[in-house]
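Colleague: sequence plus predicted model, see below.
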Amino acid sequence: MPELLDERVGFVRRIGLFQATAINMSQMCGIGPFVTIPLMVAAFGGPQAVIGFLAGAVLALADGLIWAELGASLPGAGGSYVYLRQAFQYRTGKLMPFLFVWTAMLFVPLGMSTGVIGFVQYLGYLWPDMTPGQGDGVGLVVTAGIVVLLWRRVESIARLTVVLWTVMIASVGLVIVAAFTHFSPERAFSYPAGAFELTSSHFWAGFAAGLTIGIYDYLGYNTIAYMGAEIRRPGRTIPRAVIRSVLGIMTIYLLLQIGTLGVVDWRDMLDPDKTASSSVASAVLEQTWGRGPAEAVTVLILVTAVASVLAGLLGGSRIPYDAARDRVFFRPYGTLHPRHRFPVLGLLTMGVVMAAGFLLGRHTDLATVIQLLTTVMVIVQALAQVAAVTVLRRRQPGLHRPYRMWLYPLPSIVALAGWLVIYGYADRNSPGRHPVEWSLAWVAAGLVAFVLWARHEKEWPFGPKRISEEYLAPQPQPQPQPPDVDTEPA
């Protein structure tokens, strides 16, 4: 049934398991850990920052199991849009999917903008005399170049992503090898006094900040779910791609974090005058193998940053398309390129927002952008999707579920707790930035936009609710029984 639906709206299923996993991992890794290791160390105040990556992995895996069940059952273009539309249509019509698309138009490109910020940050290692204005110009050119790269058919992008994934594995692999060939356990595990005082409010504030940074580094495990209409055998491919990418990236991150701490003194990561505070991977290579290899691997890291942004924008640009085709978002977003079959307006809009997010981060700081995108994402996507799993199990028990969440409902509870911690500590960990207030303001603007849109389209609450259960298998109709025939002899 979903296969026919997706052919109807114009997408073709061409992406297999290996490509799906590569797309996820390219988006997850990217330049994130290379720029956030110093932020994680600052949040915890020492090498116990490894806790943040472990906590992020637990939350990513728990939330990933939610994505795996929903993505396998409802493999349509747009990911969360499809899940929230199916789950919440019974009470609030099209409000929740509309709000999700509205918020995704902000948090997805903001997430991609951090990759461009990291690109410029690491470029500074190769171009130490780069001025702030030159850095801004480079970032905008990179943003435009990524949009141009995505202006093509999805199968060619999938092949390109596999190549970029290979570069990503090579870059992180070289940093890890360099770190462990010169690894100092004494340096890696020299914890400051009170590092593990669980009764300290300082520890838990640092934990919340570290969890936010950690889950930011893992974001992307859901990228392939946004492309559900383009995945071959989605009931098997999506869960496997999600779980494998989380476990694979968790292994890479832990090796990278511990290895880096074993080479670079964690105090140097907090010193803005030291290379380790802005280009920690380059500092590892320089201290172990010398300046030449450090520059070569920095080039690979720059390619990795591009790969991450490319994969994220590829999946994110599909979000408003399906919504617009189903008349749940503004109709112009429901148009595909006539030749290359990609959503034109969604890609262009997110490209513009990504450029604005890049400039915001360049003139404030990276942590501000991370806090803003996570708080906006938590309200409408993360928390609502935790509820959507349970709602759909009750509302649509006959839905075909090729994959069911392990140990249900435990992963939902773990994910709920993690997202609430991130949201509850957001303002405290970003003094003066008010990410919670900004996120609420954006959602409030979305509510106003929904009211205006619903009035124009005569949707609920200005019209009837339109219930659509197209992913449910059609129920067999009862066959009429033949009339009774008296077979007894007269």
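Modeller: Sure thing, it's come through. Source: prediction; values computed, not measured.
Colleague: contacts, neighbours, all on C-alpha from now
Modeller: Fine.
Colleague: looking at this protein, which helix is longest?
Modeller: In the chain, taking DSSP state H as the definition, the longest helix is helix 95-126.
Colleague: any stretches of the stretch 301-450 of the chain with poor pLDDT?
Modeller: 340 (pLDDT under 70).
Colleague: where's Ser412 relative to Gly139, distance?
Modeller: According to CA to CA, to the nearest Å, Ser412 stands 38 Å off from Gly139.
Colleague: Val120 and Gly135 touch, don't they?
Modeller: Yes. When contacts are counted by CA atoms under 8 Å, Val120 is listed as touching Gly135 (6.1 Å).
Colleague: of the two, who's got more company?
Modeller: Taking other CA atoms under 10 Å, Val120 and Gly135 do not tie; Val120 has more neighbours (25 against 20).
Colleague: who touches that one in this structure?
Modeller: 135, 138-139 (CA atoms under 8 Å, 6 or more residues apart in numbering).
Colleague: the longest helix of the chain: how far from the chain's middle?
Modeller: 9 Å (CA atoms, centre = their mean, to the nearest Å).
Colleague: immediately after it, which helix or strand?
Modeller: helix 132-149 (DSSP states H and E).
Colleague: can you name every helix or strand that that next one contacts?
Modeller: Secondary-structure packing of helix 132-149 (3 or more CA pairs under 8 Å, 6 or more residues apart in numbering; DSSP states H and E): helix 95-126, helix 291-316, helix 344-363.
Colleague: for these, which one sits closest to Arg187?
Modeller: Nearest to Arg187 among the helices and strands packed on helix 132-149 is helix 291-316 (20.9 Å), distances taken as CA to CA.
Colleague: report all helices and strands that that closest one contacts.
Modeller: helix 17-29, helix 95-126, helix 132-149, helix 154-181, helix 223-226, helix 280-288, helix 344-363.
Colleague: change it to 10 Å
Modeller: If contacts are counted by 3 or more CA pairs under 10 Å, 6 or more residues apart in numbering; DSSP states H and E, helix 291-316 sits against helix 17-29, helix 32-44, helix 95-126, helix 132-149, helix 154-181, helix 223-226, helix 280-288, helix 344-363.
Colleague: for those helices, which one ends up most surrounded?
Modeller: helix 223-226 (a mean of 31; mean count of other CA atoms under 10 Å).
Colleague: could you give the number of residues near His434?
Modeller: His434 has 16 nearby residues by other CA under 10 Å.
Colleague: surely it meets Gly424?
Modeller: No. Contact criterion CA atoms under 10 Å: His434 and Gly424 do not qualify, at 11.9 Å.
Colleague: overlap of the contact sets of Val120 and Gly135?
Modeller: With contacts taken as CA atoms under 10 Å, 6 or more residues apart in numbering, Val120 and Gly135 have 127, 362 as neighbours in common.
Colleague: okay, now the closest residue to Pro192 other than its chain neighbours: neighbour count?
Modeller: Counting by CA to CA, 6 or more residues apart in numbering, Pro192 lies nearest to Gly46, which is 6.4 Å off, once chain neighbours are set aside. By other CA under 10 Å, 24 other residues sit near Gly46.
Colleague: you'd agree Gly46 is up against Ile258?
Modeller: No. Gly46 is beyond contact range of Ile258, at 11.9 Å (criterion: CA under 10 Å).
Colleague: residues that sit against both of the two, list them.
Modeller: With CA under 10 Å, 6+ apart, Gly46 and Ile258 have common neighbours 188-189.
Colleague: quick one: residues contacting Phe358.
Modeller: 109-118, 120, 136, 139-140, 143, 352, 366, 369.
Colleague: one more pass at 8 Å, please.
Modeller: Per CA under 8 Å, 6+ apart, neighbours of Phe358: 110, 113-114, 116-117, 139-140.
Colleague: which one among these gets closest to Ser200?
Modeller: Thr114 (31.2 Å).
Colleague: my read: the closest one touches Gln371, true?
Modeller: No. Assessed by CA under 8 Å, Thr114 is found out of contact with Gln371, at 11.3 Å.
Colleague: need the pLDDT of the closest residue to Thr349 other than its chain neighbours.
Modeller: Using CA to CA, 6+ apart and skipping residues adjacent in sequence, the residue nearest Thr349 is Met105, 7.8 Å away. Per-residue pLDDT puts Met105 at 91.
Colleague: so how far is Leu420 from Met105?
Modeller: 22 Å.
Colleague: can you list contacts of stretch 335-354?
Modeller: So stretch 335-354 is contacted by 10-11, 105-106, 108-113, 143-144, 147, 151-154, 313-314, 317-321, 332-334 (CA under 8 Å, 6+ apart).
Colleague: quick one: end-to-end length of that stretch, please.
Modeller: 21 Å.
Colleague: same thing with stretch 325-333?
Modeller: End-to-end for stretch 325-333, by CA to CA: 8 Å.
Colleague: could you pull out the buried residues of that stretch?
Modeller: For stretch 325-333, the neighbour count (16 or more other CA atoms under 10 Å) marks 325, 327-330, 333 as buried.
Colleague: which residues are contacting that stretch?
Modeller: So stretch 325-333 is contacted by 9, 94, 97-98, 101, 320-321, 323-324, 334, 343-346, 453 (CA under 8 Å, 6+ apart).
Colleague: could you rerun that using 7 Å?
Modeller: 94, 98, 320-321, 323-324, 334, 345-346 (CA atoms under 7 Å, 6 or more residues apart in numbering).
Colleague: and for stretch 80-99?
Modeller: Under CA under 7 Å, 6+ apart, the answer for stretch 80-99 is 70, 74, 76, 100-101, 319, 323, 328-329, 380-381, 385, 388, 391-392, 446, 450, 460, 465-467, 469.
Colleague: could you rerun that using 8 Å?
Modeller: Against stretch 80-99 from outside (CA under 8 Å, 6+ apart): 70, 74, 76, 100-101, 226, 319, 323, 328-329, 380-381, 384-385, 388-389, 391-392, 395, 443, 446-447, 450, 459-461, 465-469.
Colleague: how far is that stretch from where the chain is centred?
Modeller: 20 Å.
Colleague: could you list the buried residues of that stretch?
Modeller: So for stretch 80-99, counting by 16+ other CA under 10 Å, buried means 80-89, 93-99.
Colleague: show me what counts as buried in the helix or strand encompassing Tyr423.
Modeller: Per DSSP H and E: Tyr423 is located in helix 410-424. Within helix 410-424, the residues that qualify as buried by neighbour count (16+ other CA under 10 Å) are 411-412, 414-416, 418-423.
Colleague: who's in contact with the residue lying closest to Asp271 once chain neighbours are set aside?
Modeller: Leaving out its chain neighbours, the residue that sits closest to Asp271 by CA to CA, 6+ apart is Ser277, at 6.1 Å. Residues near Ser277 by CA under 8 Å, 6+ apart: 38, 268-271.
Colleague: quick one, which of those residues are buried?
Modeller: 38, 269-270.
Colleague: looking at those, which gets the smallest pLDDT?
Modeller: Leu270 (89).
Colleague: confirm for me that it is in contact with Ala42.
Modeller: Yes. Contact criterion CA under 8 Å: Leu270 and Ala42 qualify, at 6.5 Å.
Colleague: contacting residues around Gly292?
Modeller: Glu286.
Colleague: how about Arg236?
Modeller: Arg236 sits in contact with 72, 402-403, where contact means CA under 8 Å, 6+ apart.
Colleague: ok, Phe44 next?
Modeller: Contacts of Phe44 by CA under 8 Å, 6+ apart are 195, 203, 206-207, 210.
Colleague: and it, what pLDDT?
Modeller: For Phe44, the model assigns a pLDDT of 92.
Colleague: look up how far Glu197 lies from it.
Modeller: Taking CA to CA, one finds Phe44 at 11 Å from Glu197.
Colleague: quickly list what's touching both of the two.
Modeller: Phe203.
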